[in-house]
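Got a predicted model here, sequence first, then my questions.
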Amino acid sequence: MGLSKFIREMPKVELHVHLEGSIRPETLLILAERNGVPLPASDPKGLEEFYHFTDFDHFIHVYVTISRCLRTADDFRLIAYEFGAEMARQRIRYAEVTFSPYTHVTNTGLPFAEIVAALNDGRCCARADFGVEFQWVFDIVRNDPSSQHTVVRWAASALDQGVVALGLGGTERGYPPEWFTESFAEARRAGLHRVPHAGEVAGPESVWGAIRYLDAERIGHGVRSGEDPELVAYLRDHQIPLELCPTSNLCLGVYPSLSDHPVRRLWDQGLYLTINSDDPPMFGTDLVEEYQKLADGHGFTADELERLSLNALQASFLPEEQKRDWHREFLAEFASLRTRHLNQGETE
Ligand SMILES: [Zn+2]
C-alpha cells in the first residue's frame, strides 16, 4: 500500500512514449467525429476492444487508423496539451515524446512547419498550466524508407523548436537498421541524438545493427538483447540505455506473461534500464502502472524504482546542468516520500 503511494507520487522521467499512441480515448472519439473519420468504436469501451491486438501488424493497422483522426492544427495542439496534463497526473517531470511527422504531413496536407508550431503551442500551454517539460523525437517510419531523408531534414530544421532526436519506428522485421545508415549519419552531423527502436519484434541482430549502423545512443525497447550473451556484455560495458516497455511487450505478444518478461534478469545482469509506457491507452497502462508492475511482478524495491527513475533522467537529452539540478531535487523528493509513505507503512 505504502509502496503504491510512493510509486504514484515519485518524480519520473519518460523516454519512450508516442504522442499519437497517447491520445485519450475520449479525445480520439471527439476527433474522429469532428473530422468525419470512421472508427470501429463509438465509446471508450469499444475502443478498448479495438485495442486488443493479435500481433504487431494488427497494432500498426490500429495505429494508422488513430493517426488518420488527426486532421487540423488544432488537433495537434490539443493532443500535445493533453499529453502534458497526463504527465502532471502521473508526476512525470520530463518526457521525450516520439511523433511521426511524415505520416501527418501526408495525411493532412498541412505543411510540416504548421504541425510543429501547433505541437509547440500545446507544449507551451501545458508547461504553463501543469509545470511539465517535454521535447520531441521525430521518427522515421521504417515501412516507408523513401521518406527517411525528408524526416531527417525536417527534424534538423526544428532543432531549435524542441526536437532533440531522430527515432526509427514502425515494422522492425523486414526493415533492418542498415537501410537507414545514411539518414542517421546525417542526423548526427546535424546535431540530432539517435534513438531507434530495435530488439522488440526482431532479435539481437537488430540491436547490433542499431549500434553499428545507426550509432544509437539509446535503444527503443532492446528487450530481446538478453538472447545474445555477447550483446548483453557489450550493453553492460558501454552502459547503453534500454527503453523497456513491459506492458507493450505483453500486449504485442513478445512475451506471454509478466513473469516471463526478462526485465529482472536484464537488471540483475547490470544493464542500464529505463521503464516506459510506449502507447499507454492503447495498452491499458501508464507509467505509474509500469513501475507498479515491476514492484508486484518482479519484486523491485523502492531503491530500485528510484534508480530506474534517475536512470531515465540521466539518459535524457537535457543539458547536463539541468540533469544535476533535477537529480538533487529527485533525491530530496524520494526522501520525503519515503518518510511519508514507506517508513510509516512499515511500522503499521
Ligand atoms: Zn515505441
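That came in fine, so what should we check first?

So Thr274 belongs to a helix, correct?
No - assessed with DSSP: H, G, I helix; E, B strand; the rest coil, Thr274 is strand; it does not lie in a helix.

Excluding residues flanking it in the chain, which one is nearest it?
Computed as C-beta to C-beta, 6 or more residues apart in numbering, the closest residue to Thr274 that is not its neighbour in sequence is Ala312, at 4.2 Å. Quick note: C-beta positions are derived from backbone N, CA and C, even for glycine.

now do Leu305
Setting aside the residues directly before and after it, Leu305 is nearest to Tyr291 in space (C-beta to C-beta, 6+ apart), at 5.5 Å.

Next one: that neighbour relative to Pro101, how far apart?
Noted for Tyr291: a distance of 30 Å to Pro101, by C-beta to C-beta, to the nearest Å.

Return the list of helices and strands in contact with the one helix or strand Arg34 maps to.
Per DSSP states H and E: Arg34 is located in helix 25-35. On a contact count with 3 or more C-beta pairs under 8 Å, 6 or more residues apart in numbering; DSSP states H and E, helix 25-35 meets helix 44-50, helix 73-89.

Find the one among those with the highest mean neighbour count.
helix 73-89 (a mean of 20; mean count of other C-beta atoms under 10 Å).

hmm, who's touching the helix or strand following it?
Downstream of helix 73-89, the first helix or strand assigned by DSSP H and E is strand 92-99. Outside strand 92-99, the residues that touch it by C-beta atoms under 8 Å, 6 or more residues apart in numbering are 11-20, 22, 83, 86-87, 119, 132-139, 164-165, 167, 169, 195, 287, 313, 316-318, 326.

which helices and strands does the next helix or strand after strand 92-99 pack with?
Heading C-terminal from strand 92-99, the first helix or strand you meet, by DSSP H and E, is helix 101-108. Contacts defined by 3+ C-beta pairs under 8 Å, 6+ apart place helix 101-108 against helix 56-68, helix 112-130, strand 133-141, helix 148-157.

Pull out the buried residues from helix 101-108.
By 16 or more other C-beta atoms under 10 Å, the buried positions in helix 101-108 come out as Pro101, Tyr102, Thr103, His104, Val105, Thr108.

cool, stretch 228-246 as well?
Asp228, Leu231, Val232, Leu235, Ile240, Pro241, Leu242, Glu243, Leu244, Cys245, Pro246.

for the helix or strand containing the fourth one, what is the average pLDDT?
Per DSSP H and E, Leu235 falls inside helix 229-238. Averaging the model's pLDDT scores along helix 229-238 yields 98.

I'd like the next helix or strand past that helix.
strand 242-244.

Remind me which helix or strand the residue nearest to Leu305 belongs to.
Element membership of Tyr291 [criterion: DSSP H and E] is helix 287-298.

wait, Arg224 sits on Tyr255?
No - using C-beta atoms under 8 Å, Arg224 is not in contact with Tyr255, being 9.6 Å away.

Those two: which has the busier surroundings?
The residue with more neighbours, out of Arg224 and Tyr255, is Arg224; 22 against 16, by other C-beta atoms under 10 Å.
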